[in-house]
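Chemist: sequence first, then the predicted structure:
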Amino acid sequence: MTTTTTATQNPAPRSASFFDFYGKPPLAKAMPLSLQHILAMIMGTVTVPIIVVGAVGASLEEKMFLIQISLVFSGLATLLQLYTLGRLGARLPTIFGVGFAYVPTLTAIGTQYGLEGILGAQVVGGIAMMVTGLFIQRIRHLFPPVVAGTVVLVIGLSLYDIAINYLAGGVGAPDYGDIKYWAIGGITLLVVLGVSQFASGFLKLASIICGLLAGYAISMALGLVNFDAVRDAPWVSAPMPLAFGLEFHAAAIISMVIICVINSVQTIGDLSATTVGGMNRELGKKELFGGLMGNGFTTMVGSFFGALPTSTYSQNVGIVAMTKVISRYVLAIAAVFMVVAGLLPKFGALMTTIPYPVLGGATILVFGMITMTGIQLITKDEMSARNMTIVSLALALSMGVYAVPDAIAQFPETLRLVLGGSPIVIAALVAFTLNLILPHKSLADEEEERRQIEAKLNEE
């Protein structure tokens, strides 16, 4: 693996080039490129806390606060990765923020223990990320694509019920399933599809925003949008430590640690894609170490302020790989925007006015893409009988228990919460264990074994 280039080792800006990590192009030219990253990340950042709040039944004020603090820490996490703090941070052109991969685990923990249970478990999860960073070079081989891909696949599959419930008006809605909700969500989805497939340039990158705007406009026309929260919200508010408190529960901690370690595997992939796709070189050891340590640090510290766990944003990695624009100045503008937006409660309040059917129509395609990402990861390995066994058994057990949670109702409470709370935990445990104990056989080995069996049967 190659180390960082001379440009990466030199901490001083050298030019105004978009294609130099330390380059600082003119603000007027940097802003449009930064806007691409803002459009790609902002809805993911605000949607995750909205989903979690819906699961735990928090108040409107708590929802607004979670959106604010998620925006702030998404920006701070990105700045840490761009500029580093000691050995924390990758010093790479990458965007970090609250990720969808955590949603099934967060909602499962939140349903049982509330926001304070999520944040308490997250403290330990952040520490687990940092420990993973310390030992990543020694354990990296334990998470091949067949294991990581299986987990990502299950993450995508387990998010579908959230999107469908949103399309139907949201769980608890008095007229849940009303045709008007499905119409609004359907139009939102159609706009997202149309713009993403037929538009170009900035518009194509903003397909989700376009869908949200269309669905939002229709919702306003139907009287489904209430701006009272925006009117009552203050203009400026600073983060408050321990606003929700922290609680530590064994089952919640185990689930969070597992998903945080698995997310570290995704971080490795995204950081590697950034250097290979955007910088034409391999990921350096120091960059990998700093990236994982920085992500664990922001996840842990964010717990004390109410921020949800952070991860790399693959959509922004794709923008870097496509445009080759690696100037950290461009990405830093997007990060600063997120921090400023998070300090303005009226902005957070505005995000809470988005009706659930609009969110459902805008996110169901995203959840489907997560599923396909898992399939792409799995197929990076050979589709040998061994690997197919790992994927199929992990998928069957995890989604089976998720579909029929009463099947483990007689288990001890802690074990039931760990295994039944989120299918990701079962998928990760099964895939990881099978990868360790099953003999490693390539397709060629399995074909040779089959021929030997046929030969022996013919002799008999």
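Modeler: Here it is on my side, so go on.
Chemist: elements contacting the longest helix seen in the chain?
Modeler: Longest helix of the chain, by residue count under DSSP state H: helix 103-139. If you count contacts as 3 or more C-beta pairs under 8 Å, 6 or more residues apart in numbering; DSSP states H and E, helix 103-139 packs onto helix 27-56, helix 250-279, helix 285-303, helix 413-421, helix 423-437. Where you see a C-beta, it was placed from the backbone N, CA and C, and this is true even at glycine.
Chemist: looking at these, which is closest to residue 399?
Modeler: helix 423-437 (5.7 Å; C-beta to C-beta).
Chemist: which residues touch the closest one?
Modeler: 104-105, 142-144, 146-147, 150-151, 153-155, 157-158, 254-255, 258-259, 262, 389-391, 393-395, 397-399, 401-402, 418-419 (C-beta atoms under 8 Å, 6 or more residues apart in numbering).
Chemist: and the buried ones among those residues, selectable in ChimeraX?
Modeler: Filtering the contacts of helix 423-437 down to the buried ones (16 or more other C-beta atoms under 10 Å) takes a single ChimeraX command:
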select :104,105,143,144,146,147,150,151,153,154,155,157,158,254,255,258,259,262,390,391,393,394,395,397,398,399,401,402,418,419
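Chemist: which ones among the contacts of helix 423-437 are found in helices?
Modeler: 104-105, 146-147, 150-151, 153-155, 157-158, 254-255, 258-259, 262, 389-391, 393-395, 397-399, 401-402, 418-419.
Chemist: quick one: pLDDT of residue 205?
Modeler: pLDDT, residue 205: 61.
Chemist: also residue 40?
Modeler: 69.
Chemist: how far off centre is the longest helix of the chain?
Modeler: Between the centre of helix 103-139 and the centre of its chain there are 13 Å (C-alpha atoms, centre = their mean, to the nearest Å).
Chemist: residues of it that come out buried?
Modeler: 103-110, 112-133, 136.
Chemist: how about the residue nearest to residue 30 when sequence neighbours are not counted, phi and psi?
Modeler: Distance criterion C-beta to C-beta, 6 or more residues apart in numbering; nearest residue to residue 30, sequence neighbours excluded, is residue 330 at 4.9 Å. With angles defined as degrees, to the nearest 10, residue 330 sits at phi -60, psi -50.
Chemist: give me the distance between residue 330 and residue 410.
Modeler: Residue 330 sits 55 Å away from residue 410 when distances are taken as C-beta to C-beta, to the nearest Å.
Chemist: the two: which is more packed in?
Modeler: residue 330 (26 against 7; other C-beta atoms under 10 Å).
Chemist: just confirm the more buried one contacts residue 34, I think it does.
Modeler: Yes. Using C-beta atoms under 8 Å, residue 330 is in contact with residue 34, at 5.1 Å.
Chemist: including distance to residue 353, could the helices and strands packed on helix 103-139 go into TSV?
Modeler: Shown next, in TSV, are the helices and strands packed on helix 103-139 (distance: least, C-beta to C-beta, whole Å):
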stretch	distance to residue 353
helix 27-56	11
helix 250-279	30
helix 285-303	25
helix 413-421	30
helix 423-437	31
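Chemist: lowest average pLDDT across those helices?
Modeler: helix 413-421 - the lowest mean pLDDT of the helices and strands packed on helix 103-139, at a mean of 72.
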